[in-house]
Structure formats: structure tokens, C-alpha cells
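**Student:** task: produce atomic coordinates for the following.
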Amino acid sequence: MKQRRYLPVTYGAVGIGAGLLALSGWLVVQLVLAQHQAPTPQAILVLEGQTSRVRFAAEFSGQHPSLPLWVSGNPQGQALNEAIFQQAEVPEDLVHYDGCATDTVTNFTCTLPDLTARDIRHVYVITSDYHMARARAIAAIVFGSRGIVVTPVALAAPHRSPESPLRTVRDCLRSLIWLATGKTGASLNPG
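**Tutor:** The predicted structure is shown next:
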């Protein structure tokens, strides 16, 4: 009778697996508590990237006139964004601009201090539909670690294919690096 050979499992692999399982459980608990504490969104976050997202956010803000809104993206587009919100008659004092973000991970890590300082526990996140899976995964790690739950609002982009799962995995790893070190790994993002 032929004996089966089993690959040796290292303690390191078991430790990493156990750590990721514990982290996942902790994030789920954080998100469940946040959902319970704030069942409806308290703010809006738009991941700038495209002018169409900002225009949609201005319209969406009109349907939620009491919610503060954060625009996370390129500071060079701020003048255009201000004009869009002004034209949509969104009160200036409700709109906050975050110009530190350079990518999707930093969209979340850069706005996090403002949201936590205001004790916001539930946020609408506006981005394009092809980008939403990655944005939600990053939000679950970054925002979830601070007890902030998201409600996605996807803007249809019919001529774009969904992003590669590899980009999502890469940015989830970057988000985990941020959790462990406070560094986003933005220099690892090729664009």
C-alpha cells in the first residue's frame, strides 16, 4: 500500500491564517456594531476620479440635503467641483474637499480622520459601478477598522468592464499594510 505524502504546514502559515481569520471576525463585529449604532448614512463620500461622479454626487446630495459631503480626489479639480455643487445649489458648508488622496486606498485613509472626528459611523460611498467592488473591499478594511459602515451608490458606466480582481487583492493588501503600519503603500500603486 502506497503511503500518502502530506505537505508540511509551517507554523508561520498557520499563524498568518489564524491572524487573518481573527482580523476578519473583528472587522465583521466592528461593521455590525456600526450598522446597529447608525442604521442610516450620516454623510456622503464621493471618490472623485471622474467629473460624472461629482455631478451625480451633487444631484444625490439634493436628495439628502442635511448630509455633509466629502469629495476625495485631485485638488486640481476643486474649482470645477465647487462650480458643480454651486450650480446644484448644495450649501457650501456641507461640502468638504480632501485633496490628499492619490488613489482608491487613500480616498478612504485620507477622509477617515474627518469622519471619525465627527463621529460618523455610516457613509454613502459614490463611485462608478465598475469600480465599486474594489472600493467596497477597501472600505470594509479601512473604514471597518474604525467602525464605519458604507452603503454603496454606484454610478452606471456602461462602456467600462469591471476592474480586475487582482487590483482589488493588491489594494486590500495595501489596506492591511495601512492597518498594521499607518502607511498606505501608495508608492506601490502603478496608477
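**Student:** how about the nearest residue to the residue nearest the centre of the chain, chain neighbours excluded?
**Tutor:** Nearest residue to the geometric centre of the chain (C-alpha atoms, centre = their mean): Ala139, 3.4 Å. Nearest non-adjacent residue to Ala139, counting by C-beta to C-beta, 6 or more residues apart in numbering: Val150, 4.6 Å away. In this view, the C-beta of every residue, glycine as well, is placed from N, C-alpha and C.
**Student:** could I get the contacting residues of Ala135?
**Tutor:** Leu47, Thr104, Asn107, Val125, Thr127, Pro152 (C-beta atoms under 8 Å, 6 or more residues apart in numbering).
**Student:** sec struct for it, please.
**Tutor:** helix (DSSP: H, G, I helix; E, B strand; the rest coil).
**Student:** re the thing from before, just send the contacts of Ala135 back as TSV, with pLDDT, distance to Arg160 and neighbour count too.
**Tutor:** Below are the contacts of Ala135 laid out as TSV (pLDDT from 0 to 100; distance: C-beta to C-beta, whole Å; neighbours: other C-beta atoms under 10 Å):
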residue	pLDDT	distance to Arg160	neighbour count
Leu47	94	14	28
Thr104	92	15	26
Asn107	93	18	28
Val125	97	18	25
Thr127	95	12	27
Pro152	95	16	14
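**Student:** those in strands, which ones?
**Tutor:** Leu47, Val125, Thr127, Pro152 (DSSP state E).
**Student:** so who does the first one touch?
**Tutor:** In this structure, Leu47 makes contact with Arg53, Ser72, Gly73, Thr104, Asn107, Val125, Ile126, Thr127, His131, Ala135, judged by C-beta under 8 Å, 6+ apart.
**Student:** thinking again about what came up before, and of the ones in strands among the contacts of Ala135, the nearest to Gln37?
**Tutor:** Nearest to Gln37 out of these is Val125 (C-beta to C-beta; 18.0 Å).
**Student:** if I pick the closest one, what's in contact with it?
**Tutor:** Leu45, Val46, Leu47, Ala135, Arg136, Ala139, Val150, Thr151, Pro152, Val153.
**Student:** for Cys100, same thing?
**Tutor:** So Cys100 contacts Thr106, Cys110 (C-beta under 8 Å, 6+ apart).
**Student:** what about it, which helix or strand?
**Tutor:** In the assignment (DSSP states H and E), Cys100 maps to no helix and no strand.
**Student:** just the pLDDT for it.
**Tutor:** Here the pLDDT value assigned to Cys100 is 86.
**Student:** next one: Gly144
**Tutor:** Looking at Gly144, the pLDDT reads 91.
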